[in-house]
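> Here is a sequence together with a model predicted from it:
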Amino acid sequence: MDVHEPARPRVGVVKLASCDGCQLTLLDLEDELLPIVGRFDLVEFPEATSNRSDGPYDVLLVEGSVSTSEQAAEIVDLRARTRMLVTIGACATAGGIQALRNAADEPAWRASVYPEPDFVRSLATATPIAEHVVVDAELRGCPIAPGQLLELLTALRVGRRPQLPVESVCQSCKRAGNVCVLVADGIPCLGPVTQAGCGALCPSFGRGCYACFGPREEANVASLHGWLHQLPVVDDPDRLFAGFTGWAPPFRERASRAVRAAEPATEEGTDA
Amino acid sequence: MVGPRFLARGDLDRLVGILAESGRTVVGPVVRDGAVAYEPIGDASDLPHGWTDAQAPGSYRLRRDGSRTFDVGPPAQGLKRWIFPPLAPLATAVRGTDGSSSFTAATPSAPPLALLGVRACEIAALRVQDRVLAEGPFVDEDYRARRDAALVVAAQCTRSCDTGFCASMGTGPEVTAGHDLVLAELDDGFVIDAGTSVGERVLDRLGLASATSAQTEAVAEGVASVRTAQGRPVVADGLRDRLMDQLDHPRWAEIADRCLACANCTMVCPTCFCTSIGLQSDLDGATTSLERRWDSCFTGDFARVAGGNFRPKRQDRYRQWLTHKFATWVDQFGTSGCVGCGRCITWCPVGIDVREELLAIAPPYEATLVELPVIAGSPGAYVPATVRSVTPETADCSTVLLDPGDDGLLAARPGQFVMVELPGFPPLPISVSRVADGALWLTIRAAGPATAAIIALRPGSQVGLRGPLGRGWPIERAIGRDVVVVAGGIGLAPVRPIVDAVLRDRDRFGRVLIAYGARTPADRLYRDELARWASAGVEVAEIVDRAGPEWLGQVGIVTQLLDQRDWTERPTAAFVVGPERMMQASVRTLVGAGVPPERLFVSLERHMECGIGLCGHCQLGPFFICRDGPVFSVDQLGDLFGREGL
Amino acid sequence: MHDGDTTTEAGGTEETTRYAVRQLTRVEGEGRLELSVRGGAVTEAHLEIFEAPRYFERLVVGRDGNEVIDIVARICGICPVAYQMSAVHAFERLYGVEVDPVVRSLRRLFYCGEWIESHALHIYLLHAPDFLGYPSAIELAADHREIVERGLRLKKLGNRIVAILGGRPIHPVSVRIGGFSRAPRLADLRVLQADLEAAIPDAVETVRWAASLVPPSYAREPRLVALRHPDEYPMNDGRIVSSDGIDVAPGDWTDAFSEHQVPWSNALQARARDGVPYLLGPTARVSLAGDRLHPLARAALASTGLGDELRTNVFRSIVARAVELLHALAEAAEVTGAYRPPGEPHVPWAPRAGVASWATEAPRGLLFHRYEVDERGLVRRAQIVPPTSQNQAAIEHDLAAFAPSVLELPHAQATHRLEQLIRSYDPCISCATHFLDLRVQGR
């Protein structure tokens, strides 16, 4: 293939409501960071540089979910200045843990807990980027996998599709030679309905998967939920789905039930 | 042969020591993370002495209530991961700065192993995998090398496992062949016997006394009790036909409500061999390594092609797995794919039990031989080919002429394909559209980044080629007959060699019709040639979906070109390539107009990764499209043709 | 719109000059600076946090302790270990769990990993460019590649420690009430130990180099707060002490401190009960517990000859951070060297009703968690007080005190200096904004 040294793509890295962990993953590619900045022009990345750019961006990596009206406007504005918009992480792709508030009666909730609710600039919901603008590619995970981020950048540079598996976590888990924690220990595990990408991290560490890469295609949540329900250690299987990707449509119904089940406990005391 | 000897329990360690000589890794059952797994052992104390297990659909629990060493059931995963590892390097592709490329197939690695405590079902599984991966026509060299380097020390089952059904499948519980040594456990030690001369030598080294007849009888009784305990939950006789008759059984949908499509059953199955080719490249794509990795027919991408997914639903995928394992495997390999180890039952996270499902779908009550082409080429064996020219055909299609480094590629027959590997991208199957002037002609549509990158190559650049692969058009079946060629869109490329062949020997064929449909006039391939063919005694009929003002020809779908024709009076052979639905419609029309199904040939498209029937992606019923096709007669496909979800 | 901007408005007899940074860069999370000066006096100094709130204290309600450990990690991608450590200790204290001594040392190792990673990130990638006149470490690397590469090497090592113990450097997965879900393999820690020891010269050089960076001149005697332990450098255990006599148990933070809401910020500010701002983090820990530093770190600190300036000039925090990086590396090498896998990676436990509270030392300073738990072990109410919301008042106090010294500078330069002051605290704004405190309502 001919590689005429192309102009370095202009890359932006921005965040909305999130923990910074996904954009930090770029800085955590310690061995590749300097080669990357030699090949990509990081024109906007407030966490790492005081140089700023309003765009246009060839590639924009967006972390976080939309949870204020400013962010809702900002993402539309950013989209207009971006050729390829990539959402990175569970917040951007599924809303993140903060999206569980979408299932609650948010106004009542906020009024019950905030001394001065008006000081706080926040929407009633936290929503994934794709509910606001067209998204060209996504990296799953809470946080994203460094290898997948590197693969995305490599694929962008080479000009091919990134190799991002849509298989279940179980497939990685079995390749890794793990003993299934669900079958052998009765530990609740969401691996069968979760998209791979983490390398089956949790089962490799002797615990169940909590779906931080979100639901996989054809996820049979109803079947797994029913099976988990009969495990002695599971208190409320709904809560297992109310995690970092709980707002993703296949998990949403059960996650919402879990959020509502926790509501009465908060109705009391603003007086403690 | 001296016959069975007796190995005292305390001497088991001596056996392990002899096995471990000359750097052999002894792999045996070991308790780890709440289950038994095949792991390297240092000495006999690593074996699961005193452990048993309780297995049930979706559940496995270890128990510390035994007194023997080999009373545990099948380990969590079989020996597959030692002989056919989850990840194995295939090839490395390196692109030079001058546009040249080099390709290096990975060297098979085969650490010498002694597999200890191997059950009858495991040996049966090794033999099934041998048939698939090592007994041709294509061979996975890595598998063969590992298999050749492994010593098998079997263990008879004297305690019935809970989910196994080896007796039903005819694979156990007795170990009868395929072992170097076999142990059978009694309370105070083991009856040990050799199955090969290598095993005999080990026995000689141990210097043991012969087993008493009481001991050998006790062993026989133990094994017999396992058979009795298991019963016969699956009736294997006639299962292939019973299952294939039930492709529309309502139970498939009901299973899909429970099935997670998580692939655990295929991962733990000791015979499932489906793989994908994964790739890793550096930031610039200059060095690419390809690796073979376990994949599964339950995965969303497994049967995906550019236009969609052949098995979009869980129901399709479960049916594919079960029918392959118990039915079409027989067609392909002359044996069932199931050895009755029961792992798919135990390790299914929601406890789906194939014994029950088979009973429900195919309650108790033989095989098309697949003719195989003989072409070599393991999945990593790419040879560099140099781009001679790239000529645009339409807005998104170009013809790439390649000078192959290996003349074998120039022997490609009409309808065959090659795997093209561009460093940085996954390999792609591409039909050969002509072999001429010492070059391979590939007409490629920019359907995705990889195809776009190939047609953007400059002369002098290199790609990797593997092939020619697949079975081509049986042009000999058209000799002395009328010929109908029906092509849609880019489908004209794979049939062009038919036209070339017919025109080369024009006298040997009857009337020739080329019916060609394209989206728009500008999307027509080989426009100059179409005109030339028309003037060389061939009827060329064309039609487009959407016409511009300059188009004076027909507008509509390609079957309109076949309407009002009649081939009942004249012997005819027909060749059809295009999108799946177009082929179905054309086949219906042609059959209706008198073309016999045995002389009506189609070329099928499926997701291909390896191109030689080793990865499992392109399966259709008893066929691998890459190896047994892509060209099939409609007769051969039967009702598999056009059926959704297979 | 992103640049620092200034407006000058006529008002009364004198003009008000405003210094503003619309979005602070090279900090974690989203905040801005607003400072107004009138007649040479600072009338308003706000660190305004517009990071969107995410309601973590509400999200943990109805969850059990192990779920809390996973959830609170997501407050901050830079210091998830800190959140997991404060939470796990809080629950273990309430449930009366005694962990294996090996587990206790592994938790220190875990924390060392996060300190190394976080401190190296801040020192080399975020803070150093201020001293050397670069907009970022990218440009710094173009001129001084070896400096940035040294920082990246150290950072990678910190990440590796966390990944070996917890699977991944960000939001690790192994921390459980009672221990770890899986203990690390001996072989992994052996390899790690060798690499940690080999990196000590890099960390020693980091201290020397950080001390050579020339700070703006500034002096203020801050009130310092940190954990203090009889034998250990403050991390997971000890009492909360201040430079002026506060001394409470780590679960009793609320006895000495409280939180307040301010209208310009999405984060609560914490103050001591007497209202005096206080400073947390490396400077406070090195000053209050310097005698517990690893001998290598103590020697490196002494060789800088900085004395009181380390404490009184906040721009010198980069040196304190470097000293702690060295300490963490040296201690991590010792822990890995002494490691023997524990019999069981975690001990059994049972929940009970009550208040689970604890404080540990995040890289940026004291991090306090308090959970009211029902008899099933489910959280009914939570309070999380991250270091940055405690430092916020001190930052604003320092801004007001420091600003007069830069008023003579050109505007952009003055604004940059003020931003640099804020960066000296290594503020973690993502952390700061998670609050939901029920108890401030009666304020």
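That came through, no problem.
> Measure how buried whichever residue of the stretch 301-443 of chain C sits closest to chain B is and give me the count.
Chain B sits closest to C:Pro345 of the stretch 301-443 of chain C, with a gap of 11.8 Å, by CB to the nearest CB. Where C-beta positions appear, they are placed from N, C-alpha and C, glycine not excepted. C:Pro345 has 22 neighbours, counted by other CB atoms under 10 Å in any protein chain shown.
> Kindly report the same for B:Gly231.
Neighbours of B:Gly231 (other CB under 10 Å): 12.
> Below-threshold pLDDT in the stretch 251-400 of chain C: ranges please.
Applying pLDDT under 70 to the stretch 251-400 of chain C flags the ranges C:261, C:264-267.
> Do you have the strands of it handy? List them.
Here the stretch 251-400 of chain C has its strands, by DSSP state E, counting those that start in this stretch, at C:257-260, C:269-272, C:354-362, C:365-373, C:379-385.
> With the stretch 451-600 of chain B instead?
Under DSSP E, counting those that start in this stretch, the stretch 451-600 of chain B gives strands at B:462-469, B:482-488, B:512-518, B:539-544, B:554-555, B:572-577, B:600-603.
> Would you enumerate the residues in contact with the residue of the stretch 301-443 of chain C closest to chain B?
Neighbour list for C:Pro345: A:206, C:103, C:179-183 [criterion: CB atoms under 8 Å, 6 or more residues apart in numbering or on different chains].
> which of these tops the neighbour count?
Neighbour max across the contacts of C:Pro345 (other CB under 10 Å) = C:Phe180, 27 neighbours.
> Of all residues in the chain, which one is nearest the centre?
Went with chain A since none was named. For chain A, A:Ala90 is the residue whose C-alpha lies nearest the centre (CA atoms, centre = their mean; 0.7 Å).
> I was after chain C.
C:Arg364 (1.2 Å).
> show me what contacts it?
Contacts of C:Arg364 (CB under 8 Å, 6+ apart): C:79, C:118, C:280-281, C:386-388, C:391, C:425-428, C:431.
> quick one: the residue of the stretch 301-443 of chain C closest to chain B and C:Arg160, what's the gap?
Distance check for C:Pro345 against C:Arg160: by CB to CB, to the nearest Å, it reads 20 Å.
> Nearest residue to B:Pro233 in space, please, no chain neighbours.
Spatially, and ignoring its direct neighbours in sequence, B:Pro233 is nearest to B:Arg355 (4.2 Å; CB to CB, 6 or more residues apart in numbering or on different chains).
> quick one: pLDDT of that neighbour?
Confidence at B:Arg355, expressed as pLDDT, is 90.
> ok, now which ones touch residue 92?
By default, I'm working from chain A. A:16, A:18, A:22, A:62-65, A:128-129, A:138 are the contacts of A:Ala92 under CB under 8 Å, 6+ apart.
> Actually, chain C is the one I wanted.
C:Glu92 touches C:99, C:177-178, C:349, counting by CB under 8 Å, 6+ apart.
> Which of the helices or strands spans it?
helix C:80-95 (DSSP states H and E).
> pLDDT averaged over that helix, what's the number?
98.
> Skip ahead from the helix or strand hosting A:Gly38 and say which helix or strand is next.
A:Gly38 belongs to helix A:33-39 when elements are defined using DSSP H and E. Moving toward the C-terminus from helix A:33-39, the next helix or strand (DSSP H and E) is strand A:41-44.
> so how far is that next one from its chain's centroid?
Centroid separation between strand A:41-44 and its chain, computed with CA atoms, centre = their mean, to the nearest Å, is 23 Å.
> again, but for stretch C:145-163
For stretch C:145-163, the distance to the chain centre is 18 Å (CA atoms, centre = their mean).
> That one: which residues count as buried?
C:147-163 (16 or more other CB atoms under 10 Å in any protein chain shown).
> Quick check: A:Gly206 vs A:Leu240, distance?
Distance from A:Gly206 to A:Leu240, by CB to CB: 17 Å.
> Can you give me the neighbour number for the nearest residue to B:Ala110 once chain neighbours are set aside?
Spatial nearest neighbour of B:Ala110, excluding adjacent residues (CB to CB, 6+ apart): B:Ala145 at 3.7 Å. The local packing of B:Ala145 (other CB under 10 Å) involves 17 other residues.
> mind checking the SS state of B:Ala145?
Three-state assignment for B:Ala145 (DSSP: H, G, I helix; E, B strand; the rest coil): helix.
> Run through the residues that contact residue 248.
Picked chain A for this. By CB under 8 Å, 6+ apart, the neighbours of A:Ala248 are A:93-95, A:214-215.
> look at chain C instead
Contacts of C:Val248 (CB under 8 Å, 6+ apart): C:239-240, C:255-256.
> can we see that at 10 Å?
C:239-242, C:254-257, C:359 (CB atoms under 10 Å, 6 or more residues apart in numbering or on different chains).
> about what we covered before: got the strands of the stretch 451-600 of chain B as a markdown table, with mean pLDDT columns?
Below are those laid out as a markdown table (pLDDT from 0 to 100):
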| stretch | mean pLDDT |
| --- | --- |
| strand B:462-469 | 89 |
| strand B:482-488 | 94 |
| strand B:512-518 | 94 |
| strand B:539-544 | 93 |
| strand B:554-555 | 91 |
| strand B:572-577 | 93 |
| strand B:600-603 | 93 |
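> Just the closest of the contacts of C:Pro345 to chain B, please.
The closest of the contacts of C:Pro345, once distances to chain B are taken by CB to the nearest CB, is A:Gly206, at 7.0 Å.
> Looks like the closest one contacts C:Pro184 (just checking).
No: applying CB atoms under 10 Å as the test, A:Gly206 and C:Pro184 come out as separate, 11.9 Å apart.
> Need the residues touching each of these two.
With CB under 10 Å, 6+ apart as the test, A:Gly206 and C:Pro184 both reach C:174, C:345.
> Pick out the most distant pair among the contacts of C:Arg364.
The largest separation in the contacts of C:Arg364, counting by CB to CB, is between C:Ser118 and C:Asn391 at 14.8 Å.
> B:Leu402 belongs to a helix?
No: B:Leu402 sits outside any helix when classified using three-state DSSP, being strand.
> need the contact list for it.
B:Leu402 makes contact with B:384-390, B:409, B:418, B:420, B:430, B:432, B:439-442, B:454, B:457, B:461-463, B:465, according to CB under 10 Å, 6+ apart.
> now swap in C:Val60 and tell me
C:Val60 sits in contact with A:97, A:262, C:67-72, C:87, C:369, C:371, C:378-382, C:384, C:436, where contact means CB under 10 Å, 6+ apart.
> Return only those of these found close to chain B.
Among those, no residue lies close to chain B (CB under 10 Å from any CB of the partner chain).
> who are the neighbours in contact with the residue in chain B that chain C sits nearest to?
Closest to chain C within chain B is B:Asp33: 8.9 Å, counting by CB to the nearest CB. Residues near B:Asp33 by CB under 10 Å, 6+ apart: A:177-181, A:184-185, A:203-204, A:206, B:62, B:76, C:182.
> Return the closest of the residues you listed with respect to B:Tyr526.
A:Gly177 (52.2 Å).
> Chain B against chain C: which residues are in contact?
Going by CB under 10 Å from any CB, the residues of chain B near chain C are B:Asp33.
> ok, back up a step: how far away is the residue nearest to the centre of chain A from chain C?
According to CB to the nearest CB, to the nearest Å, A:Ala90 stands 9 Å off from chain C.
> Hmm, C:Gln420 is touching C:Leu132, no?
No: assessed by CB under 10 Å, C:Gln420 is found out of contact with C:Leu132, at 11.8 Å.
> quick one: which of those two has more around it?
Ranked by neighbour count (other CB under 10 Å), C:Gln420 and C:Leu132 place C:Gln420 first, with 19 against 14.
> hang on, that one in a helix?
Yes: per three-state DSSP, C:Gln420 lies within a helix segment.
> where's the closest residue in space to it that isn't next to it in sequence, which helix or strand?
Ranked by CB to CB, 6+ apart and with sequence neighbours excluded, the top spatial neighbour of C:Gln420 is C:Asp130, at 4.6 Å. If you go by DSSP H and E, C:Asp130 is part of helix C:128-132.
> Cheers, nothing more for now.
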